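pasted the sequence and its predicted model underneath.
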Amino acid sequence: METDEFGFALHVDSSDDVDDVEDVTEDPELAANLYGSTQLYQLIRSGNQRRIVQLIDAYGEDFGKVRKHLERKYRWDKDDKIWLKKTILVACSEEQCRVAKNLENAVMEVEDLRKAVFVLLQHPVNDEEVAILHPDETSRLAVAQLIIQLIPNGFLTWKCIASGGKNETFMEAAAACGLHEVIDKLYELDDPIAIPQHNALLQACGFDRKDTLQWLLRRHFDNFDCTLRDASQRNALIVALQRNDPKMVELLLGKMIAYRCKHYGESETEAFNKVFRYESNESDASIFTFLWRSKPMYKVVEKAVIQYKLDLSYQYNYSSNIENLLDADIALDYCFAGIRANPNLLGILTSKNCSILHELLRKGHVDILREMYRTTPDIQRFFDSDAGYATLHAALMSSISPTVRCSVHLGAPSRVP
């Protein structure tokens, strides 16, 4: 949960009396409340499904009060479920409820409603149990003071909450604990199973909840995007690769591809190439970084690469699919066939600062290069590069005689320094 949702009211202007209100993030006690976990989260982690469902029902009733207030007072479209996306404050005392209601805006534009602070009133005021606050210049200070008073009361929210230094949704917590009834109940109340950066399926994979994993993909297949990634850009497939679980990888690949075909209108090849990749601005890793060097896993990946036609030309940062396949000796015949169909693959630069052609020489795959040299003489241009000297030197030093003979015969490098 972030303070940004209340930022327009909590961060006062220099003209305001800073002695009366401070930035909430500077108050350790208030910040702890704002970033702390909720009663529902703690209960979910306890695993008591009966009590959890009772509390979820209470949440549903309270969200219903907010919905009805928006529809009745502001003629809000009930299909636009803004109340489920908000962090709703709670006014507990009669005084807090009265103050909140007095600060409510009688008329508000749509965009102002989206930015407004929602307050649930434990004591109805004028038969209303909700107040919607969007401060202007005259009310900003009073609204900020009220928000700071209400934060310790807790929140009504489906949004991410903090736990041990990480953010986790209720759905993620329920999936990690294998609480199917709780997941169903949360979903009934429009709590999403997956949102960008928060996918309950990843928690089921990470905690090895195979029954929950299979149940989610069977019962809720159409109810959430199983291909969504977490904040680190991992999807469920990557988590399964990290666990070195070939059966889980096969199951997830099939379901994730099927989902993208059905809901994104992609072909199986397009879907596979979207799912089978890892891109992060914070890391130089590729999806192959998460692949354990085990025969069962290599077999599963090789089958998928061939069946769904992995894009050999794909590159990201310092990594390329074809280099990773060659490095792991996975689907070599598929790679060679791809090179025959597209000789330009030989010119792709690798993480070793040489070309795929020179990588083939390093690995001793000289037959394909002899063949390509005969059928496609134009590949000579890929030999004529600075990397050619490094390749020839490495071949000589390692006494790889077929590679040396091939390098000299094909002219790598063709220039003598």
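Perfect, I can see it now. Numbering: from 1, shown residues only.

report all helices and strands that the helix or strand encompassing residue 238 contacts.
Taking DSSP states H and E as the definition, residue 238 sits inside helix 236-242. Helices and strands touching helix 236-242, by 3 or more CB pairs under 8 Å, 6 or more residues apart in numbering; DSSP states H and E, are helix 200-206, helix 246-264. Yep, even glycine has a C-beta here, placed from its N, CA and C like the rest.

can you name the next helix or strand after the top helix by length along the chain?
With residue count as the measure and DSSP state H as the assignment, the chain has helix 49-74 as its longest helix. On the C-terminal side of helix 49-74, the closest following helix or strand by DSSP H and E is strand 88-91.

which residues sit against the helix or strand just after that following strand?
Counting by DSSP H and E, the next helix or strand C-terminal to strand 88-91 is helix 94-102. The list of residues contacting helix 94-102 from outside it, by CB atoms under 8 Å, 6 or more residues apart in numbering, reads 91, 119, 121-126, 128, 131, 133, 142, 146, 149-150, 153.

mind listing what's buried along the next helix or strand along the chain from helix 94-102?
On the C-terminal side of helix 94-102, the closest following helix or strand by DSSP H and E is helix 110-115. For helix 110-115, the buried set under the neighbour-count rule, 16 or more other CB atoms under 10 Å, comprises residue 113.

now the strands for the protein?
In chain order, the chain shows strands spanning 88-91, 117-125, 128-133, 155-156, 161-163, 166-168, 194-195, 198-199, 315-316, 319-320, with DSSP state E as the criterion.

can you add mean neighbour count and distance to residue 258 and give these back as TSV?
Output for the strands of the chain, formatted as TSV (neighbours: other CB atoms under 10 Å; distance: least, CB to CB, whole Å):
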stretch	mean neighbour count	distance to residue 258
strand 88-91	22	37
strand 117-125	20	38
strand 128-133	22	42
strand 155-156	21	36
strand 161-163	18	32
strand 166-168	16	27
strand 194-195	22	16
strand 198-199	26	17
strand 315-316	16	25
strand 319-320	22	27
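
will you turn those strands into a markdown table that also has distance to residue 226 and mean pLDDT?
Shown next, in a markdown table, are these (distance: least, CB to CB, whole Å; pLDDT from 0 to 100):
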| stretch | distance to residue 226 | mean pLDDT |
| --- | --- | --- |
| strand 88-91 | 29 | 94 |
| strand 117-125 | 31 | 96 |
| strand 128-133 | 35 | 96 |
| strand 155-156 | 28 | 84 |
| strand 161-163 | 23 | 58 |
| strand 166-168 | 18 | 76 |
| strand 194-195 | 7 | 94 |
| strand 198-199 | 7 | 96 |
| strand 315-316 | 22 | 95 |
| strand 319-320 | 25 | 94 |
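
list the buried residues in stretch 325-339.
Buried residues in stretch 325-339, counted by 16+ other CB under 10 Å: 325-326, 330-331, 334-336, 338-339.

out of these, who's nearest residue 186?
Comparing the buried residues of stretch 325-339 against residue 186 with CB to CB places residue 330 closest, at 40.1 Å.

residues near residue 76, how many?
Counted with other CB atoms under 10 Å, the neighbours of residue 76 add up to 20.

and for residue 379?
Counted with other CB under 10 Å, residues neighbouring residue 379 total 18.

now do the contacts for it.
Counting by CB under 8 Å, 6+ apart, the residues that residue 379 touches are 343, 346, 357, 369, 372-373.

what residues does the helix holding residue 238 touch?
Residues outside helix 236-242 that contact it (CB under 8 Å, 6+ apart): 199, 201-202, 205-206, 213, 226-227, 248-249, 252-253, 256, 275-276, 278, 287, 290-292, 297.

dump stretch 336-349 to CSV, restricted to CA.
Listed in CSV are the C-alpha atoms of stretch 336-349, where the atom choice follows Å, rounded to 0.1, in the frame of the first residue of the first chain:
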residue,chain,number,x,y,z
PHE,A,336,20.9,-25.5,-37.6
ALA,A,337,17.7,-25.6,-39.6
GLY,A,338,17.0,-22.1,-38.5
ILE,A,339,20.4,-20.9,-39.6
ARG,A,340,19.9,-22.6,-43.0
ALA,A,341,16.6,-20.8,-43.4
ASN,A,342,18.0,-17.5,-42.2
PRO,A,343,21.8,-17.1,-42.6
ASN,A,344,21.7,-13.7,-40.9
LEU,A,345,21.4,-15.5,-37.6
LEU,A,346,25.2,-16.1,-37.9
GLY,A,347,25.8,-12.4,-37.5
ILE,A,348,24.0,-12.1,-34.1
LEU,A,349,26.5,-10.9,-31.5
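
for it, which outside residues touch it?
Contact with stretch 336-349 is made by 312-313, 315, 320, 322-323, 355-357, 360, 365, 368, 371-372, 375-376, 378-379, 381-382, as judged by CB under 8 Å, 6+ apart.

any low-confidence regions in this protein?
For the chain, the stretches flagged by pLDDT under 70 are 1-38, 160-166, 384-417.

how is it partitioned into domains?
Segmentation of the chain into domains, based on automatic domain parsing, reads 3-156, 196-310, 315-417.

format those domains as CSV; extra columns: distance to residue 189.
As requested, the domains of the chain are arranged in CSV below (distance: least, CB to CB, whole Å):
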stretch, distance to residue 189
domain 3-156, 5
domain 196-310, 13
domain 315-417, 39
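
residue 190 is nearest to which of these?
So among those, domain 3-156 is nearest, using CB to CB, at 5.2 Å.

about what we covered before: out of the contacts of helix 236-242, which are buried?
Buried, going by 16+ other CB under 10 Å: 199, 201-202, 205-206, 213, 226-227, 248-249, 252-253, 256, 275-276, 278, 287, 290-291, 297, out of the contacts of helix 236-242.

before we move on, back to that, buried sites along the longest helix of the chain?
Using 16+ other CB under 10 Å as the burial criterion, the residues of helix 49-74 that qualify are 49, 52-53, 55-56, 59, 62-63, 65-70, 73-74.

what is the nearest of those residues to residue 271?
The shortest gap between residue 271 and any of the buried residues of helix 49-74 belongs to residue 56, at 34.0 Å (CB to CB).

so what's that closest one closest to, chain neighbours aside?
Nearest in space to residue 56, with sequence neighbours left out and distances taken as CB to CB, 6 or more residues apart in numbering, is residue 185 at 4.9 Å.

my guess is that neighbour meets residue 54, correct?
No - checked against CB atoms under 8 Å, the pair residue 185 and residue 54 is beyond contact range at 9.9 Å.
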